[in-house]
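Q: attaching a predicted model along with its sequence, questions to come.
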Amino acid sequence: METQMRESIMGLDHLTEQIRAGEIETLIVAFCDMQGRLVGKRLTGQYVLDHVIEDGVHFCVYLLGTDMEMDTPAGFPDMGWEQGYGDWTARPDWSTVRILPWHDKTALVLSDVTDHQGNLVEPAPRTVLRRQLERAAGLGFTVKLATELEFYLLDESYDAAHAKQYHNLALAGTYNEDYQLLQASRNEPFYAQLRKLLSQAGIPIEGTKGEAGVAQHEINAYYADALEAADRHVLLKHSAKEIAMQNGRAVSFMAKPDHTWTGSSSHIHLSLWDANGGNAFYEASSTCHEMSAAMRHFLAGLIVHTRELSILFAPYVNSYKRFITSSWAPTHIVWGVDNRTCGLRVVGHGHGKRIENRFPGADTNPYLASAAMLAAGLDGIEHRLELPPAWSGNGYSAQGAPTLPSSLHEAIQAFEQSEFALRVFGKTVYQHYLNAAKVEQRAYDQVVTNWEKQRYFERA
């Protein structure tokens, strides 16, 4: 796998050689928007050599201030019609260059976003995570994580699903396929292609498995340093959609595509590592499940702060429809040892000791969710917060324990009232993402849904 990674992730020198040799003709310069999507430009190899290496790629600032529909709502402090919607720069991180084997002679590089003076733009999701990684480094830690992504596979294209307004979707299965090898075998040619191509593109895949819904599947990438892991996450989602398109199919990472379907999650597995290369969460002599003091304080920080940071874990109206009792998605902010009914699950042994955060859905922005997890946990370490006892029973019945907000509206209130969020992220980022959540809520509140029509049209 390490050899394959070195071949897939080229770096600038190798990219330059490949362009000059005619092996790479197109470079996609991409960065992550607020919604966790890749945006950017496709450039010719020669233009990259002539201009992009030195100057980066300019883009309109509005790309970090739109909603899901690419509309330009008011309320973002650093952008708007009054400010003229100028340019920022996508500055390629050349350590992320990857060949995309499902496109002809094409590579992709992820970018950081900078202003005209070369400063990182604070609301850019990759910057938000970088700032929390700097906090961790200041405390003597590096951060490693991995995300588990769940999704639904359709036996029809995105265009076909759109044409029928997403009704009666053709799911690629007929029964719950959680760990079911036979049902998964029906779509193994697609899943095998997905695993192979992603791994060839420098997104090393552990494996795939059936999940707890009809046509629902899970895909896991290897553990990595936090920034690389978040990069892999956005690349994986984008790439899976492209590969599905090329097969005349569709995959959906929506948190709750239908009220009768199981929700799709994106569990985050995280651990801190010390300067000696050891897992700072593991302590063999600990009487608390081999958890070090750092791990206990980190976990306590998550319990204290998760509720007020929930818009960074669950950013949409639909996100909160996943949190249902006995649904495999958590509702209570409690921790347990290998307990899937708890929102925070302690797993692993020895240097594999880690926290599994089960709150984020598949619709989460991995940079923001990882940053929120770090912000909360590092505050627990800095203030030596005390960890309450582990929940040993059904976490869904944890009476008296804090709960996740039941709606985006409730989550917005929690974030808006959070002095902690303002302090730890800074005013610019705090205002930016608070406004984004309010924009999303307003967009939903103004729409008359089919549910309302069916319920009230005649009988109200």
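A: Everything's here; your move.

Q: got any ranges where this structure has weak pLDDT?
A: By pLDDT under 70, the low-scoring segments of the chain are 1-8.

Q: closest to the centroid, which residue in it?
A: Pro366 (2.4 Å; Cα atoms, centre = their mean).

Q: for that one, give me its contacts.
A: Listed by Cβ atoms under 8 Å, 6 or more residues apart in numbering, the contact set of Pro366 reads 36, 147, 229-230, 233-234, 266, 268. In short, each C-beta sits where N, CA and C put it, glycine included.

Q: one more pass at 10 Å, please.
A: With contacts defined as Cβ atoms under 10 Å, 6 or more residues apart in numbering, the neighbours of Pro366 are 32, 36, 125, 129, 145, 147, 149, 226, 229-234, 236-237, 266, 268, 360.

Q: please apply the same query to Leu387.
A: 288, 291, 293, 295-303, 335, 380.

Q: shouldn't Phe151 be in contact with Trp261?
A: No: in this structure Phe151 lies outside contact range of Trp261 using Cβ atoms under 10 Å: 11.6 Å.

Q: who has more neighbours, those two?
A: Neighbours were tallied for Phe151 and for Trp261 using other Cβ atoms under 10 Å; the higher tally belongs to Phe151 (25 against 19).

Q: doesn't the more buried one lie inside a strand?
A: Yes: counting by DSSP: H, G, I helix; E, B strand; the rest coil, Phe151 is located in a strand.

Q: which strand residues bridge it?
A: His217 (DSSP bridges).

Q: that one and Asn318: what is the separation?
A: Spatial separation of Phe151 from Asn318 under the definition Cβ to Cβ, to the nearest Å is 14 Å.

Q: count the neighbours of Trp451 for me.
A: What Trp451 shows, counting by other Cβ under 10 Å, is a neighbour count of 9.

Q: residues in contact with whichever strand or helix holds it?
A: Assignment of secondary structure by DSSP states H and E places Trp451 within helix 450-456. Taking contacts as Cβ under 10 Å, 6+ apart, the residues outside helix 450-456 that touch it are 165, 167, 259, 448-449, 460.

Q: one step back: how close does the residue nearest to the centre of the chain get to Ala212?
A: 22 Å.

Q: and Pro389, by the same measure?
A: Between Pro389 and Ala212 the distance, using Cβ to Cβ, works out to 29 Å.

Q: quick one, which of those two is more surrounded?
A: Set side by side, Pro389 and Ala212 show unequal neighbour counts under other Cβ under 10 Å, the larger going to Ala212 at 18 against 9.

Q: settle this for me: that one is touching Gly263, isn't it.
A: Yes: under the contact definition of Cβ under 10 Å, Ala212 touches Gly263, with a separation of 9.3 Å.

Q: intersection of neighbour lists for the two?
A: Common neighbours of Ala212 and Gly263 (Cβ under 10 Å, 6+ apart) are 150, 327-328.

Q: of these, which is the most crowded?
A: Neighbour count (other Cβ under 10 Å) singles out Glu150 as the most crowded of the shared contacts of Ala212 and Gly263, with 23 neighbours.

Q: chain neighbours aside, what residue packs nearest to that residue?
A: Spatial nearest neighbour of Glu150, chain neighbours left out: Ser264 (4.0 Å); criterion: Cβ to Cβ, 6 or more residues apart in numbering.

Q: which residues does the one you found contact?
A: Ser264 sits next to 149-152, 211-213, 216-218, 252-257, 322, 329, 361-363 when contact means Cβ under 10 Å, 6+ apart.

Q: buried set for stretch 417-430?
A: By 16 or more other Cβ atoms under 10 Å, the buried positions in stretch 417-430 come out as 418, 420-422, 424-425, 429-430.

Q: now render these as TSV, adding distance to Gly11 and secondary structure.
A: Compiled in TSV, those are given as follows (distance: Cβ to Cβ, whole Å; DSSP: H, G, I helix; E, B strand; the rest coil):
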residue	distance to Gly11	secondary structure
Ser418	40	coil
Phe420	39	helix
Ala421	37	helix
Leu422	39	helix
Val424	34	helix
Phe425	32	helix
Val429	30	helix
Tyr430	36	helix
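
Q: out of these, flag the one nearest to Met10.
A: Proximity of the buried residues of stretch 417-430 to Met10, judged by Cβ to Cβ, is greatest for Val429, which lies at 32.1 Å.

Q: what about the closest one, distance to Asp112?
A: Distance check for Val429 against Asp112: by Cβ to Cβ, it reads 15 Å.

Q: show me where the stretch 101-250 of the chain has its strands.
A: 106-114, 142-154, 205-210, 216-221, 224-225, 250-252 (DSSP state E, counting those that start in this stretch).

Q: just send those strands back as CSV, with distance to Ile355 too.
A: Converted to CSV, the strands of the stretch 101-250 of the chain look like this (distance: least, Cβ to Cβ, whole Å):
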stretch, distance to Ile355
strand 106-114, 26
strand 142-154, 9
strand 205-210, 19
strand 216-221, 16
strand 224-225, 16
strand 250-252, 27
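
Q: so Val346: helix, strand or coil?
A: Of the three states, Val346 takes strand according to three-state DSSP.

Q: scratch that, Leu27
A: strand.

Q: so it touches Ala107, yeah?
A: Yes: using Cβ under 10 Å as the test, Leu27 is close enough to Ala107 to be in contact (5.3 Å).

Q: what's the overlap in contacts for those two?
A: With Cβ under 10 Å, 6+ apart, Leu27 and Ala107 have common neighbours 15, 18-19, 45, 48, 97.

Q: those: which two are farthest apart?
A: Pairwise over the shared contacts of Leu27 and Ala107, using Cβ to Cβ, the maximum falls at Gly45 and Val97, 12.2 Å.

Q: give me the common contacts of these two.
A: With Cβ under 10 Å, 6+ apart applied, the overlap between the contact sets of Gly45 and Val97 consists of 15, 18, 24, 27, 107.

Q: of those, which is the nearest to Asn247?
A: Ala107 (22.0 Å).

Q: who are the neighbours in contact with the closest residue to Leu15 other than its chain neighbours?
A: Setting aside the residues directly before and after it, Leu15 is nearest to Val97 in space (Cβ to Cβ, 6+ apart), at 5.1 Å. The neighbours of Val97, taking Cβ under 10 Å, 6+ apart as the test, are 8-12, 14-15, 18, 24, 27, 107-110, 202.

Q: ok, so of those residues, who is nearest Ser370?
A: Proximity of the contacts of Val97 to Ser370 (Cβ to Cβ) peaks at Leu110, which lies at 15.0 Å.

Q: isn't the closest one right up against Ala124?
A: No: using Cβ under 10 Å as the test, Leu110 is too far from Ala124 to be in contact (11.5 Å).

Q: list residues touching both of those two?
A: With contacts taken as Cβ under 10 Å, 6+ apart, Leu110 and Ala124 have 31-32, 90 as neighbours in common.

Q: report the angle between the longest helix anywhere in the chain and strand 216-221.
A: Under DSSP state H, the helix in the chain containing the largest number of residues is helix 226-246. Taking axes from the mean of the first three to the mean of the last three Cα atoms, to 10 degrees, helix 226-246 and strand 216-221 form an angle of 140 degrees between their directions.
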